Structures are given as structure tokens and as C-alpha cells.
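[1] need a structure here:
(chains A, B, C and D)
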There are 2 protein chains.
Amino acid sequence: MSLRHALLGLLADQPASGYDLTRKFEVSLQKYAWHARHSQIYPELNRLAGEGLISVVEEGARGRRTYAITDAGRTELRDWLLAPAKEAVVRNETVLRMFFLSTLDNDEIRGLLREWIEEADRELARIGESLDRIEALRRERKGRWFGLFAAEYGKRSFQTQREWAEWALAQVDEAEAAAEAAKRETG
Amino acid sequence: MSLRHALLGLLADQPASGYDLTRKFEVSLQKYAWHARHSQIYPELNRLAGEGLISVVEEGARGRRTYAITDAGRTELRDWLLAPAKEAVVRNETVLRMFFLSTLDNDEIRGLLREWIEEADRELARIGESLDRIEALRRERKGRWFGLFAAEYGKRSFQTQREWAEWALAQVDEAEAAAEAAKRETG
DNA sequence: TGTTGACACGTCAGTTTCAACATGTCACTC
DNA sequence: GAGTGACATGTTGAAACTGACGTGTCAACA
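    Numbering: from 1, shown residues only, chains lettered A, B, ... in the order given. Purely as a prediction, here's the structure:
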């Protein structure tokens, strides 16, 4: 189960509440690493606290509970990072759709490819801002670079998505031109 | 639920049995698109058949049943490809580990990065073969390119993973050198 | 003839995940 | 003082998914 490790990982950077963690999922992990809803996060936090991997360090307004990772939690996180129990699970609906793209008509293919190019541009803009924030934090608190590796990976991934889509568009055009040429020859 | 669409997508290319589909998952979808076990695939095939989205076209030795996609199934697949019901779900344990990489020591980070480089090399070799097969098929049955888009995407993705890991290794070295220089200055 | 290993499909109990429902707080503004 | 929207945490029933177990077939080879 990776959800608990995602939570431990986020708490390894700094203490946070369930609400904070939900927002962190939404803005950073959700899109290219791990998807989870608050209805899954809150019970898991309770379990982690019960097992002593995290602990409540502050209680605030509106029932807010701030959790921090414990030493046991850090050990658990480290073990998982260095040697995950089994082969990595991958689920990516977009990639799945890319897989079956060729079952569509050329114009439909082009439509989807253009959507993916736009998505990549949006994400690249978002990640650019994120990288700026991390860079600022890095200057501020020397030597720290939490999130930098992932943000850079995200950036490169969406650049790849964009370039791939451009390549695919060219492939479709090329195939279509070849098909028309063949048609003219026989017709 | 994407599993059914993954199955419909595979059957859109050519008829196959549950066993065939399980193997296709293992060799192609599993690694970077969608993960599923045979214990999930067989019941889902029965449901799809019950709903008329696929049908049994052949019964062979050892209880083997070959399924083909129906027109209703093609419609369902097409609808999903063009407009998936909700935002794409992403789960990727490797990327999640990349996210928390910086909580480790420099040497541990280097170890993981090297593992990921090796993994990328292995996958690139595998995908290279795959692309050769697809290319051969394409020459044979003109105009068909099922799987080509995805294989190319996979190739580019693992190239990205490799390049990112090399970049990250350089970052670690750089940070370490800077830290040591600072230490010499104060010490 | 026995054994091995790939082929082929299935079930099931337990866990994870999702969407929807539910409840209340606090700050701000009209 | 009423309304709004962000804050904050929960529960629950259904669906999806996993890992392990179970059953039998068939080809090849010793």
C-alpha cells in the first residue's frame, strides 16, 4: 500500500494536517504520482497514528490536528524507498488511451493529440511555477531540495508528452498523404 | 473503470482468449499503462460478454475461449477514448519514490538513481524489439500501426527517465561538492 | 508411464479505493 | 445577523483489486 508511504513522505518534509495533506495531493502528487481523496487520507492518518508512525503535535481550530512523522515512521519510509515490497504498480489512464489511439479515425486522433499538447503546456506552466517556488525555498533554507527531483521529472515527462504528440501528428499526416497518393495511383 | 476499456482495446486489434490477454498485459500494458491480474481479467471478460460488448468466437482445447469485440464494444471503446468519464487516474509507485528521494542520504540517492538508469536501459531494449516487431507487421499488413504510438511513447518515457536520473546524479554530486567546500571554509 | 511445465480458467476472502453523504467551524462581508 | 465560502474531519456502502488457492488439460520428454 503506497498511500501510507505517500503520507509519510509528505510528513517527512514538514508537519501537516489531513486537510493540508489533501491539498498537497491535489496540487502535486495527484497528477503524475499518486491519486487519493480525503475520504481515504483521514482514516489512513488515524491508522498511521495508531501504529506510532506519525503523531499529533498540535490541535488547532475546527478540530484541526497537525501530524508529524515519528522515528518509526522515518524508518518505515526509508525501508520502502530503498526496497519496495513488490514490483511497482502503474496505472495511467492517459497512457492507456494512447495505447489504443490507432483504433480511431485520423481526425479523431489529431483531436486527441492536440488536447494532449494543450494539457502538456498547462502542466508545464504549473510545474514551472512550482520549480520557482522550490528554488526560492532552496536559497532560503540551504541544502534542502524536497520536491525538486519530482518537479524536474514532471517537467521532463510533460515535455516528452508534448514532443511525442507532435511526432504522432506528423505520423498521421504522413500516413494519410501516403494513402491518398496510393489511391490516386490506382484510381 | 479502465480495465474493461483496456480489454476492449486489446480485442479491437484482434480476437484473443483470457490467457492471451493476461500475457498481453504482462508484456505490454503492465509496465507503463495499466496493471491487472488474471483473477481480475477473467471475471471482467465474463461481464463484458454478458453485456454484449465482446463475444466468444471460438472454443479450443483446455477450455480456451477466444473472444472478439462486437460493434457495441467498439462504440463503448470509442466513446471512452474520445471522452473519458472523469479526470484521468494516475498511480505510479516509482514516481512516488522519486518524489521523496531527497529524504535519503546522498549515497542512497545515488544507488536508487543508478537502479532506475539500469531499469530504463532494460526497458529501452525491450521496447526496441517491440518497435521492430510492430514495424515488420506494418510492412506486412499495410496501413496498420496498432501499438506503435504507445511503444514510441514508452521509448521516449524511459529515455526521459534515464536522462532525468543522470541529471539528478549530477545534482547530488554538485550539492555534495558545495557542502564540502563550505565545510572546508568554516572548518 | 511418470513427471514436468506451460496452458487455461476459475473462486474467494480480505483489503483498498471511491463517491456520496454528513457535520460542524470560522472569517468575512453585506 | 444572515449568508457565503473556505476550513476541517468524518462515515458508509459499493466497487475494484489482490494474493492465494483450486482444478484440470495437454505436449514433450525421460
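[2] wait, what's in contact with A:Trp145?
    A:134, A:138, B:102, B:171, B:175 (C-beta atoms under 8 Å, 6 or more residues apart in numbering or on different chains). C-betas here are computed from N, CA, C, even on glycine.
[3] the third one touches A:Arg138, doesn't it?
    No - with contacts counted by C-beta atoms under 8 Å, B:Ser102 stays clear of A:Arg138, the gap being 10.5 Å.
[4] circling back to that earlier point, are any of the contacts of A:Trp145 buried, and if so which?
    A:134, A:138, B:102, B:171, B:175 (16 or more other C-beta atoms under 10 Å in any protein chain shown).
[5] distance check, the first one against A:Glu152.
    When C-beta to C-beta, to the nearest Å is the yardstick, A:Ile134 and A:Glu152 sit 9 Å from each other.
[6] show me which of the contacts of A:Trp145 neighbour DNA strand D.
    For DNA strand D, no contacts are drawn from the contacts of A:Trp145 by C-beta under 7 Å from any atom of the strand.
[7] show me those that map onto helices.
    A:134, A:138, B:171, B:175 (DSSP state H).
[8] can you give me the neighbour number for whatever residue of chain A ends up closest to DNA strand C?
    Distance from DNA strand C to each residue of chain A (C-beta to the nearest atom of the strand) is smallest for A:Ser39, at 3.3 Å. Neighbouring residues of A:Ser39 were enumerated by other C-beta atoms under 10 Å in any protein chain shown; the total is 8.
[9] and what of A:Ala72?
    The burial count for A:Ala72: 14, using other C-beta under 10 Å.
[10] and chain B, is the helix or strand harbouring it touching that?
    Secondary structure from DSSP states H and E places A:Ala72 in helix A:71-82. Yes - contact of helix A:71-82 with chain B (C-beta under 8 Å from any C-beta of the partner chain) involves A:74, A:77-78, A:80-82.
[11] what helices and strands are in contact with the helix or strand following that helix?
    Using DSSP H and E, the helix or strand that follows helix A:71-82 in sequence is strand A:90-92. Here strand A:90-92 touches helix B:30-32, strand B:90-92, going by 3 or more C-beta pairs under 8 Å, 6 or more residues apart in numbering or on different chains; DSSP states H and E.
[12] do that again at 6 Å, thanks
    strand B:90-92 (3 or more C-beta pairs under 6 Å, 6 or more residues apart in numbering or on different chains; DSSP states H and E).
[13] who's in contact with the strand it packs on?
    A:32-35, A:90-92 (C-beta atoms under 6 Å, 6 or more residues apart in numbering or on different chains).
[14] and those residues as CSV, adding neighbour count?
    What follows is the contacts of strand B:90-92, written out as CSV (neighbours: other C-beta atoms under 10 Å in any protein chain shown):
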residue, neighbour count
A:Tyr32, 22
A:Ala33, 25
A:Trp34, 25
A:His35, 20
A:Val90, 19
A:Arg91, 20
A:Asn92, 22
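[15] what's the helix or strand for A:Ala55?
    No, residue A:55 isn't Ala; it's Ser. Going by DSSP H and E, A:Ser55 is in strand A:54-59.
[16] do stretch A:68-85 and DNA strand C meet?
    No - figure legend: stretch A:68-85 not in contact with DNA strand C (C-beta under 7 Å from any atom of the strand); closest approach 11.0 Å.
[17] list the residues that contact A:Thr103.
    B:Ala12.
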